[in-house]
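[1] Any chance you can model this:
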Amino acid sequence: MIDIREILATARQTSLTPHVVEKDYVLGWMLAGIYGHEDLTESWIFKGGTCLKKCFLETYRFPEDLDFTLRVPEHLDADFLKGAFSEICEWIYDRTGIEMPVDKQEFDIHENPRGHISCQGKISYKGPVSSTHSLPRIKLDLTADERVVLPPVHVQIFHPYSDAPQDGIEVLAYDYTEAFAEKFRALAERTRPRDLYDVVHLHRNTEARPEPRRFMEVLRAKCEFKGISIPRMTDLEPHRAELEAGWIHMLEHQLPALLPVTTFWDALPEIFDWLRGTVTQPLAAMSLGAGDSLIRERVVDLPTGRRGQSHIKMIHFAAANHFLVEIDYRDKQGNRSTCMIEAYSLRRSQA
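    Predicted structure coming up:
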């Protein structure tokens, strides 16, 4: 298990609480255990907000749950799940020292609104930061009756901690387009703050934004399966007050900085225009110089030292999340100045 100092240092660098960072660390090893289990590795498909964070967008919010669509409905059985996770938690403990007491595991099998069986699981853990007096928990949401439209993909997850396996951690996950469409469908179904944040943030990720027609095909299939209409702006209007009321409470602890809810709500008309095929002229990409490259590594690794590394992560986050960065610096004469920059992207130059 990594030292508590690594958790605290990461918390300082990301401006998050140590408990949020610890959960992110434990989630990574939980995924390693699930996809290292022979019965689950090809039959559980990773999805949801944590999937987006761990598989596709490192500068995303820090979710707290693990959601899966199961290809084998028979796995939705309390005895099977207790046996599988007893093995998984023992495997994790042997490799990391993270404690996940078997007597603290819960699996609630219930009938979902569609009349099929689902499961909510809770796995308690003791990591580098958490106390044994009140163990934090990872929540599992397991279903077997979801419509998976696109073939799932094998993806290496983001796990930027020093004890990461040498070969990384690979999971079976929803295709990015399907994960995006699932979030858009969730916005129509429940319209929670995290759904609004997710849809707008994914749309802003222009480099990975799917072609609108293909996206609509997937979204239409997802909505038809749930028996709902494709969402419209007018469908969301009645929920605005509730979104605004829960915005800070539900999201602030998951992000280094959170923009006001209005900046996300005001982005929705452009997203619905995109869905209708109305093309908005995107910001022209800045041309790269000779030998320059965009920094896309899962861990930004530059020889800057811990403090400089923290500054680089801050600029990386700002570029991906539409924040300004105020830089405080001194010139050669020692005069102090400040400058506000609009971070566009993080790049490595040939020099």
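[2] Tell me the backbone dihedrals of E217, please.
    E217 adopts backbone torsions of phi -60, psi -40, taken as degrees, to the nearest 10.
[3] Around it, count how many other residues there are.
    By other Cβ atoms under 10 Å, the residues close to E217 number 16. Backbone N, C-alpha and C define where each C-beta goes, glycine included.
[4] Spit out the contact partners of it.
    Taking Cβ atoms under 8 Å, 6 or more residues apart in numbering, we find E217 in contact with V149.
[5] tell me the pLDDT at it?
    You'll see E217 listed with a pLDDT of 95.
[6] in this structure, which spans are helices?
    Along the chain, counting by DSSP state H, helices occupy 4-14, 18-34, 48-51, 78-96, 176-189, 193-204, 212-226, 233-236, 240-251, 261-265, 268-275, 305-321.
[7] As JSON lines, those with distance to R137 would be great.
    Below are the helices of the chain laid out as JSON lines (distance: least, Cβ to Cβ, whole Å):
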{"stretch": "helix 4-14", "distance to R137": "18"}
{"stretch": "helix 18-34", "distance to R137": "9"}
{"stretch": "helix 48-51", "distance to R137": "14"}
{"stretch": "helix 78-96", "distance to R137": "13"}
{"stretch": "helix 176-189", "distance to R137": "22"}
{"stretch": "helix 193-204", "distance to R137": "18"}
{"stretch": "helix 212-226", "distance to R137": "28"}
{"stretch": "helix 233-236", "distance to R137": "32"}
{"stretch": "helix 240-251", "distance to R137": "18"}
{"stretch": "helix 261-265", "distance to R137": "28"}
{"stretch": "helix 268-275", "distance to R137": "33"}
{"stretch": "helix 305-321", "distance to R137": "27"}
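[8] Which among those helices is found nearest to S162?
    Closest to S162 of the helices of the chain, according to Cβ to Cβ: helix 4-14, at 6.1 Å.
[9] Show me the residue sitting in the middle of the chain in space.
    Nearest to the geometric centre of the chain sits K53, at 2.1 Å (Cα atoms, centre = their mean).
[10] Low-confidence regions, the stretch 151-300 of the chain specifically.
    For the stretch 151-300 of the chain, residues meeting the criterion pLDDT under 70 lie at 279-287, 293-300.
[11] so where is the stretch 1-150 of the chain shaky, pLDDT-wise?
    Applying pLDDT under 70 to the stretch 1-150 of the chain flags the ranges 59.
[12] on that earlier part again, of all the helices of the chain, which one is nearest T41?
    T41 sits nearest to helix 18-34 of all the helices of the chain, at 7.8 Å, using Cβ to Cβ.
[13] Please name every helix or strand in contact with that closest one.
    helix 4-14, strand 65-70, helix 78-96, strand 137-143 (3 or more Cβ pairs under 8 Å, 6 or more residues apart in numbering; DSSP states H and E).
[14] Pick the most deeply packed of the ones you listed.
    Stretch with highest mean neighbour count among these: strand 65-70 (a mean of 21; mean count of other Cβ atoms under 10 Å).
[15] If anything else comes up later, I'll come back, but that's it for now.
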